[in-house]
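J.: Build me a structure from this.
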Amino acid sequence: MITNKSDGYKAALASAVFFVLFIISSGPARAHSFSLVFVAPLSGENMEQGKQALDGFMLATGEEDSHALEESDGHLGGLDSYVYKLDSSLESKTMLDKLDSLITTKQPVFVTGVFNANLEELLREATREKNVAFFSPDNSGMWQTGKDSLGKLVTINGRSLSVTMQELSGYTPGSDAYRGYIAARLISTAVRSLAEDPGDNISLTSEALIRAQKLL
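T.: As a prediction, this is how the structure comes out:
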């Protein structure tokens, strides 16, 4: 998991994990895999922000059990993860229609990404009662604890996140890259907590969903 040196980090991480923790009973996660939607500006004047966020997120999906012949977009929490990208630069109605279509056809477990407060509210409303977990990494203990010392964050392998991204992407990461990476690590930790065995489906109880709806 990603860490920094602060004494309060473990408590913040536990809070962040509980923030996205829930179990899905209706079956949106296939055996050994699950889908998610990542929302970010992938076109227009803020495209670089979205690119860095997506780079950070995808870096995390390649850290666990990655192999050359995999058909998924990587692994999170020991399961294959399929990442469906949604461009937040689209006109709001078009974007929300695309999100609704993705939820219907791909049955994602999570919807996350990088977005401002207004868009966050739109997305939260759009995903309400849709049997998905929506969250912003900005609200997590991991981000709140680490945002003032991003250079201290390390990857799951214990390497500097900043150095790793510079080597892989060729640029010095900004805050959006860290936000994307943190979003993926939160999902990974939550998924790993939900499945007693890496091959288990993620299943949902109504009680867990109610708790999640109050927290997310």
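
J.: now the closest residue in space to Pro108 that isn't next to it in sequence: how far from Gly146?
T.: Leaving out its chain neighbours, the residue that sits closest to Pro108 by C-beta to C-beta, 6 or more residues apart in numbering is Ser35, at 4.4 Å. Bear in mind the C-beta positions are built from the backbone N, C-alpha and C, glycine included. From Ser35 across to Gly146, the span is 27 Å (C-beta to C-beta, to the nearest Å).

J.: Contacts only, for Lys51.
T.: Leu42 (C-beta atoms under 8 Å, 6 or more residues apart in numbering).

J.: any weak-confidence spans in this protein?
T.: 1-31, 65-70, 193-216 (pLDDT under 70).

J.: So for the helix or strand harbouring Ser81, what gets flagged as buried?
T.: Taking DSSP states H and E as the criterion, Ser81 maps to strand 79-87. Going by neighbour count (16 or more other C-beta atoms under 10 Å), the buried part of strand 79-87 is Leu79, Asp80, Ser81, Tyr82, Val83, Tyr84, Lys85, Leu86, Asp87.

J.: Alpha carbons of that strand, as CSV, please.
T.: Presented in CSV, the C-alpha positions along strand 79-87 are these (Å, rounded to 0.1, in the frame of the first residue of the first chain):
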residue,chain,number,x,y,z
LEU,A,79,-8.6,-9.4,-9.1
ASP,A,80,-8.5,-8.5,-12.8
SER,A,81,-9.7,-4.9,-13.3
TYR,A,82,-11.4,-3.5,-16.4
VAL,A,83,-11.2,0.3,-16.6
TYR,A,84,-13.7,2.2,-18.6
LYS,A,85,-12.8,5.8,-19.2
LEU,A,86,-15.3,8.7,-19.2
ASP,A,87,-14.4,12.1,-20.5
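
J.: helices and strands around that strand, which ones?
T.: strand 33-40, helix 47-61, helix 92-106 (3 or more C-beta pairs under 8 Å, 6 or more residues apart in numbering; DSSP states H and E).

J.: rewinding a little: just give me the closest of the buried residues of strand 79-87 to Val39.
T.: Taking C-beta to C-beta as the measure, Val39 sits nearest to Leu86 out of the buried residues of strand 79-87, at 4.7 Å.

J.: Any idea how far the longest helix along the chain is from the middle of the chain?
T.: With residue count as the measure and DSSP state H as the assignment, the chain has helix 175-194 as its longest helix. How far helix 175-194 lies from its chain's middle: 5 Å, per C-alpha atoms, centre = their mean, to the nearest Å.

J.: and the angle from it to strand 79-87?
T.: Here helix 175-194 runs at 140 degrees with respect to strand 79-87, directions being taken by axes from the mean of the first three to the mean of the last three C-alpha atoms, to 10 degrees.

J.: Please spell out which residues along helix 175-194 are buried.
T.: Residues of helix 175-194 classed as buried by neighbour count (16+ other C-beta under 10 Å): 175-192, 194.

J.: Pretty sure Thr112 sits in a strand.
T.: Yes: Thr112 sits within a strand when classified using DSSP: H, G, I helix; E, B strand; the rest coil.
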